[in-house]
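Asker: sequence and computational prediction follow.
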Amino acid sequence: MKYSIRNQFTLIFGILMAGTVLLCWFINITFLEYYYLRDKERVLQNNYRLINQASLSGEVRTYDFGVELQKFCSENNISVIILTPESEIIITFSDHQTMRRQLIDNIFGRKNNINRILSQTENYIVWIKTDVLTQAEFVEMWGMLDNGDYFLSRIALEGIKASVALANRFLAYVGATAVLLSGIVILFVSKKITDPIMELAQISERMIHLDFDAKYQGRSQNEIALLGNNINELSLSLEKNISELKSANNELLRDIQQKNEIDAMRSEFLSNVSHELKTPIALIQGYAEGLLDRVNDDQESRDFYCDVIVDEAAKMNEVVKKLLTLNELEFGHSQITMERFNIVSMISNYLQSVEILIKQRGLKIEFCETEVIYVWADEFKVIEVINNYFINAFNHVFDGGTIKISLERLAKTVRFSIWNEGERIPEENIPYLWDKFYKVDKARTRTYGGSGIGLSIVKAIMEALNQDYGVQNLDNGVLFWFEMEKHEKID
C-alpha cells in the first residue's frame, strides 16, 4: 500500500533513530575534545594538589610518595618535574632535561609558542603550548608550590585528539549499525502491529460485499483485539439486518406487483378449480351411484369401483393442496424469508431423499457440483421449485433415461437447470406451460396423476422472489431452469 502504516511507522522511527545518532555524533565532534581537555585540566589540578600536600608535609622526597606519584602519572600519562629555587631536581618523570629547560624558560619569562591559557591562579597557570622541538601540543601546568619549590606537569594533546577522532569514528560505525539493526527490528515490530490491522481491513472489505463469514481470530488483549471483537459483532448484526431488509424488500416488490392482479386472480382461480375438479367429482359420483344401484354384485367389481373412488379422491386432495399453496403465493399470504444458504448442499440432500424412486425406474442422475455456492433466497420456496421441476422431469423421462442437474454462475445470479432425456415439448405449447391447469398431453398427464398446477407454483414462487425462470427444448430432451441471487464470497 502506498500509504501503509507499517511503512510510515518504520520510516518515522528510522528517521528518529538516525537523527538521534547524528545528533550524538555532532555533539561528540563539537564538544568531546573540549570535555576531554577540561578533564585533563582537572587531572593536572589533582596532580598539583598531591605534590603540594607532599611538599608541605616533607614527604615529597620519600620513596613511598615517589611510588604513589609515579603510579598517578603513569595512569594519566603525565610528565612531571619539581625544582628547588636553586634548580636542583627533586622529582622528575619523563625527559628531565627537556622538562627542566622548559620550566626554567617559564620561570624566566621565556614563554614561547603558547596557544591558549585555560586557567590561572596565584600559584599556577594552565595553558596549551606547542613544544619547540617536537612541535607537539601539550596541556601544561607550571607554578610554585607552597614551600617555594617550582613544578611543571604536562599531558600530550596528540593522544587526546587521536582518542577523540577514534571515538567519533567508532560512534559513526556503531550508529550506522544501530540504525540498520533498529530498522530491521522496527520493521518486524511494525509488522506485528499492522498485520491485525490488515486482517481487519480485509474483513471489512468482505463485509462490503455482504460476506459475513469472515471473523477476527486474534487472541491479544489490546485495542486492536477490542476493535476486532466489535467488528465480529457488527458482522453478525449486519447479516441479520440485511436478511430482514431483503425479506422486507421482496415483500414490498411483491405487494406492488400483485396489487392490481388480485381480483383477476380470484376469478381465474374459481374458474380453474371448478374445471379441474369437475372430472374427478363426476367419476366419484358415477362409481358411487353404481355401487348403490348394485350395477355389479361381484366382489371384484365392487373393489374396482372403490379403488377408482379412492384414487380420484386422492387426486382431488392433491389438487386442493396445490391450489391452496398456489393461492397463498398469488394472494401474498405466504411469507418470503430471504436467507443465505448453500444451494449445492440442498440439491444433494434432495437427491438422497428421492433415491428410492430413481432406483425403481433405473434412472441415471448427473450432478457433479461439489464446490460450496451460497445464494440469497427463501430456502423452503426454492426446495418446492426444485421438487416440482424434478417431479416434472421424472414423469417425462423414459425408464433407464438420464436426468442432469447443473448450476451456472452468472454475473449476479446462480442458474439452476434440470434436463431430462425424452420427447420435446411442442413449441406452440411452451408459452402456456406456466398457466394453471394447463396440460400438454392430457391423457398422459392423467396417467401419472398430474394436475397442471406444479409449474404454476414455480411461476408464483419465482415472481415472489423477483427472479427469472424458463424452459428450453434441446435436441434430445427438455431443460427447465430458474435463477437465484448470488452471494458474493471473498477469500
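Answerer: Yep, it's here.

Asker: quick one: contacts for the nearest residue to residue 459 once chain neighbours are set aside?
Answerer: In space, and not counting its chain neighbours, residue 459 is closest to residue 434: 4.2 Å by CB to CB, 6 or more residues apart in numbering. Quick note: C-beta positions are derived from backbone N, CA and C, even for glycine. For residue 434, the contacting residues are 455, 456, 458, 459, by CB atoms under 8 Å, 6 or more residues apart in numbering.

Asker: so residue 434, which of the three states?
Answerer: coil (DSSP: H, G, I helix; E, B strand; the rest coil).

Asker: now residue 456: which helix or strand?
Answerer: Secondary structure assignment for residue 456, by DSSP states H and E: helix 454-464.

Asker: quick one: list the elements packing against the helix or strand following that helix.
Answerer: Once the chain leaves helix 454-464, the next helix or strand it forms, by DSSP H and E, is strand 469-474. Counting contacts by 3 or more CB pairs under 8 Å, 6 or more residues apart in numbering; DSSP states H and E, strand 469-474 packs against helix 454-464, strand 477-486.

Asker: could you rerun that using 6 Å?
Answerer: strand 477-486 (3 or more CB pairs under 6 Å, 6 or more residues apart in numbering; DSSP states H and E).

Asker: report the inter-axis angle for the strand it packs on versus helix 454-464.
Answerer: Counting by axes from the mean of the first three to the mean of the last three CA atoms, to 10 degrees, strand 477-486 lies at 20 degrees to helix 454-464.

Asker: partners of strand 477-486, with directions?
Answerer: If you go by DSSP bridges, strand 477-486 pairs up with strand 374-377 (antiparallel), strand 413-421 (antiparallel), strand 469-474 (antiparallel).

Asker: in it, what counts as buried?
Answerer: 477, 478, 479, 480, 481, 482, 483, 484, 485, 486 (16 or more other CB atoms under 10 Å).

Asker: can I get stretch 463-477 in CSV, CA atoms only?
Answerer: These are the backbone C-alpha positions of stretch 463-477, laid out as CSV (Å, rounded to 0.1, in the frame of the first residue of the first chain):
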residue,chain,number,x,y,z
GLU,A,463,-42.2,-14.0,-9.2
ALA,A,464,-42.4,-13.7,-5.4
LEU,A,465,-38.6,-13.9,-5.4
ASN,A,466,-38.3,-11.5,-8.4
GLN,A,467,-36.1,-13.9,-10.3
ASP,A,468,-36.2,-15.3,-13.8
TYR,A,469,-37.3,-18.9,-14.8
GLY,A,470,-37.9,-20.7,-18.1
VAL,A,471,-37.9,-23.8,-20.3
GLN,A,472,-36.0,-24.7,-23.4
ASN,A,473,-36.2,-27.6,-25.9
LEU,A,474,-32.9,-29.3,-26.6
ASP,A,475,-32.1,-31.9,-29.3
ASN,A,476,-32.8,-34.9,-27.1
GLY,A,477,-34.8,-33.6,-24.2
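
Asker: neighbouring contacts of it?
Answerer: For stretch 463-477, contacts defined as CB atoms under 6 Å, 6 or more residues apart in numbering pick out 253-254, 329, 336, 377, 419-422, 424-425, 462, 479-483.

Asker: now the helices for the stretch 151-300 of the chain?
Answerer: 157-208, 223-258, 262-292, 299-330 (DSSP state H, counting those that start in this stretch).

Asker: coming back round to it: closest one to residue 21 among the strands paired with strand 477-486?
Answerer: Nearest to residue 21 among these is strand 374-377; the distance by CB to CB comes to 55.6 Å.

Asker: ok, residues contacting that closest one?
Answerer: 338, 340, 342, 343, 414, 465, 484, 485, 487.

Asker: just flag the most distant two among those residues.
Answerer: Largest pairwise distance in those, by CB to CB, is 17.3 Å, between 342 and 465.

Asker: so where's the stretch 301-450 of the chain uncertain?
Answerer: 312, 314-334, 439-450 (pLDDT under 70).

Asker: before we move on, back to that, which of the helices of the stretch 151-300 of the chain comes out lowest on mean pLDDT?
Answerer: The minimum mean pLDDT among these belongs to helix 262-292 (a mean of 66).

Asker: give me the buried entries from the contacts of stretch 463-477.
Answerer: 254, 329, 336, 377, 419-422, 425, 462, 479-483.

Asker: helix or strand: which one has the residue nearest to residue 133 when sequence neighbours are not counted?
Answerer: For residue 133, ignoring the flanking residues on the chain, the nearest one in space by CB to CB, 6+ apart is residue 98 at 7.4 Å. Using DSSP H and E, the element containing residue 98 is helix 96-107.

Asker: name the helices or strands packed onto that helix?
Answerer: Taking 3+ CB pairs under 6 Å, 6+ apart as the contact cut, helix 96-107 packs with strand 150-156.

Asker: starting from the strand it packs on, tell me which strands it pairs with and how they run.
Answerer: Assessed with DSSP bridges, strand 150-156 is paired to strand 79-83 (antiparallel), strand 137-144 (antiparallel).

Asker: how far away is the closest residue to residue 421 other than its chain neighbours from residue 478?
Answerer: Counting by CB to CB, 6+ apart, residue 421 lies nearest to residue 401, which is 4.1 Å off, once chain neighbours are set aside. Distance from residue 401 to residue 478, counting by CB to CB, to the nearest Å: 12 Å.

Asker: residue 487 versus the residue most central in space within the chain, what's the distance?
Answerer: Geometric centre of the chain, nearest residue: residue 199, 1.5 Å, by CA atoms, centre = their mean. From residue 199 across to residue 487, the span is 22 Å (CB to CB).

Asker: and if you look at residue 465?
Answerer: 14 Å.

Asker: compare neighbour counts for those two and give me the winner.
Answerer: residue 465 (24 against 20; other CB atoms under 10 Å).

Asker: compute the inter-axis angle for the strand or helix carrying residue 72 and strand 150-156.
Answerer: Element membership of residue 72, judged by DSSP H and E, is helix 63-76. Counting by the same axes, to 10 degrees, helix 63-76 points 30 degrees away from the direction of strand 150-156.

Asker: many thanks, we can stop here.
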